[in-house]
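A.B. asks: build me a structure from this.
(chains A and B)
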Protein chains: 2
Amino acid sequence: MFTIRPIAPGDLSLICQHRDAMFREAGRAHSDLAAMAAPFRRWLEPRLADGRYFGFITEQGDQPIGGIGLMAINWPPHPAHPMDDRRGYVLNLFVEPTYRGRGVARGLMDRAEHLFAELGLRYVILHATELGRPLYEQSGWLRTTEMAKSLPLLLGAVSTPDGQSQ
Amino acid sequence: MFTIRPIAPGDLSLICQHRDAMFREAGRAHSDLAAMAAPFRRWLEPRLADGRYFGFITEQGDQPIGGIGLMAINWPPHPAHPMDDRRGYVLNLFVEPTYRGRGVARGLMDRAEHLFAELGLRYVILHATELGRPLYEQSGWLRTTEMAKSLPLLLGAVSTPDGQSQ
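C.D. replies: Got it, this is the predicted structure:
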């Protein structure tokens, strides 16, 4: 029997582990994940403490077996949410491998969508791994037109090596 | 001869017109664009004033013929930008129809990418219209795995009809 509880500040390390494991499974370079670890933790800690980063943990007994992170991010009012300057964002969805295929991810996504709807959010986004895509497609999620480009590092550019905003 | 200048607070109405025209051409519903107009303007005005929304306008003489909007948005450190909690975002790229095919959009994108690189941003995103996609593809932009879902309006949900954050 699985139970779902809200994320708490004490889940800081667990969420960092979920993010690392999710990206490792998706084939991201170990060097990038190693470089990301401390900046992500520093980024997450205050947001977890004040509730800007929220979400759920699934447990069996008192053992966490999966989790999902959520945010309401500021976004310009858009035809998909014309009167609201927020989008929901889903991140760091992870289920321990030995517990997969039993509806844990689906249960977390259902809770997430319900909470977003309760918060009045009309449009939610995520970035899918190959592993997650079928679940999202089954639940009515559609590909967007987002594109991205990695830029070259310019000598003399303003850098933020500690991951802090400027 | 075209010249490119930075966006200024006095471009508020021009940027709103560009956004509306861009989405109209992309086939968005008139009702959504009408609903978006005032909330977007309210969202933009303070960000244009304090520089969180920046970008460029292309002019022929003193006549604006196109523009591009840029932001550095806060984002969790990610394998694509492991030590930086920012992504560049490009929006509201628009060129007046009679001036198309003459490199105006390309010129604006080149300026945008150069400025982002100067700011130390390593990863930039945008949402492409059908019209814009070939230009981005030629410049090395790639599709991401972003997915989205529109949620039903829940009775009793916390709504933000005036487009303000909560």
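A.B. asks: and the contacts of the biggest strand by length in chain A?
C.D. replies: Across chain A, the longest stretch assigned as strand under DSSP state E is strand A:63-74. Strand A:63-74 has contacts (CB atoms under 8 Å, 6 or more residues apart in numbering or on different chains) with A:2, A:7, A:11, A:14-15, A:18, A:47, A:52-59, A:85-96, A:99, A:104-105, A:108-109, A:111-112, A:115-116, A:119, A:121, B:73, B:165. The way it works is simple: take the backbone N, C-alpha and C, and place the C-beta from them, glycine included.
A.B. asks: which among those end up buried?
C.D. replies: A:7, A:11, A:15, A:18, A:53-59, A:85-96, A:99, A:104-105, A:108-109, A:111-112, A:115-116, A:119, A:121, B:73 (16 or more other CB atoms under 10 Å in any protein chain shown).
A.B. asks: number of nearby residues for residue A:144?
C.D. replies: 18 (other CB atoms under 10 Å in any protein chain shown).
A.B. asks: apart from its chain neighbours, what residue comes closest to it?
C.D. replies: residue B:146 (4.4 Å; CB to CB, 6 or more residues apart in numbering or on different chains).
A.B. asks: quick one, what contacts that neighbour?
C.D. replies: Shown in contact with residue B:146 (CB under 8 Å, 6+ apart): A:125-128, A:143-144, A:146.
A.B. asks: before we move on, back to that, mind listing which of the buried ones among the contacts of strand A:63-74 are in helices?
C.D. replies: A:15, A:18, A:104-105, A:108-109, A:111-112, A:115-116 (DSSP state H).
A.B. asks: of these, which are in range of chain B?
C.D. replies: Among those, the residues within reach of chain B (CB under 8 Å from any CB of the partner chain) are residue A:116.
A.B. asks: can I get the ones in helices among the buried ones among the contacts of strand A:63-74 in TSV with pLDDT and distance to residue B:33?
C.D. replies: Shown next, in TSV, are these (pLDDT from 0 to 100; distance: CB to CB, whole Å):
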residue	pLDDT	distance to residue B:33
A:15	98	38
A:18	98	39
A:104	98	40
A:105	98	36
A:108	98	35
A:109	98	31
A:111	98	33
A:112	98	29
A:115	97	29
A:116	98	24
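A.B. asks: buried sites along the longest strand of chain A?
C.D. replies: A:64-72.
A.B. asks: with stretch A:10-24 instead?
C.D. replies: Buried, per 16+ other CB under 10 Å, within stretch A:10-24: A:11-12, A:15-23.
A.B. asks: hmm, back to that, among the contacts of residue B:146, which are in strands?
C.D. replies: A:125-127, A:143, A:146.
A.B. asks: out of those, which are buried?
C.D. replies: In the ones in strands among the contacts of residue B:146, burial by neighbour count holds for A:125-127, A:146, counting by 16+ other CB under 10 Å.
A.B. asks: just those residues now: which is nearest chain B?
C.D. replies: residue A:146 (3.9 Å; CB to the nearest CB).
A.B. asks: before we move on, the earlier item: pull the most distant pair out of the buried residues of strand A:63-74.
C.D. replies: Maximum pairwise distance in these, criterion CB to CB, is 26.0 Å, between A:65 and A:72.
A.B. asks: need phi/psi at the nearest residue to residue A:80 once chain neighbours are set aside.
C.D. replies: Leaving out its chain neighbours, the residue that sits closest to residue A:80 by CB to CB, 6+ apart is residue A:123, at 4.5 Å. Dihedral pair for residue A:123: phi -140, psi 120, per degrees, to the nearest 10.
A.B. asks: surely residue A:30 meets residue A:36?
C.D. replies: No: here residue A:30 does not reach residue A:36: they are 10.6 Å apart, not a contact under CB atoms under 8 Å.
A.B. asks: how about the buried residues of stretch A:10-24 in JSON lines, adding distance to residue B:80?
C.D. replies: Putting the buried residues of stretch A:10-24 into JSON lines (distance: CB to CB, whole Å) gives the following:
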{"residue": "A:11", "distance to residue B:80": "25"}
{"residue": "A:12", "distance to residue B:80": "23"}
{"residue": "A:15", "distance to residue B:80": "19"}
{"residue": "A:16", "distance to residue B:80": "18"}
{"residue": "A:17", "distance to residue B:80": "20"}
{"residue": "A:18", "distance to residue B:80": "18"}
{"residue": "A:19", "distance to residue B:80": "14"}
{"residue": "A:20", "distance to residue B:80": "15"}
{"residue": "A:21", "distance to residue B:80": "18"}
{"residue": "A:22", "distance to residue B:80": "14"}
{"residue": "A:23", "distance to residue B:80": "10"}
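A.B. asks: I am finished for the moment; much appreciated.
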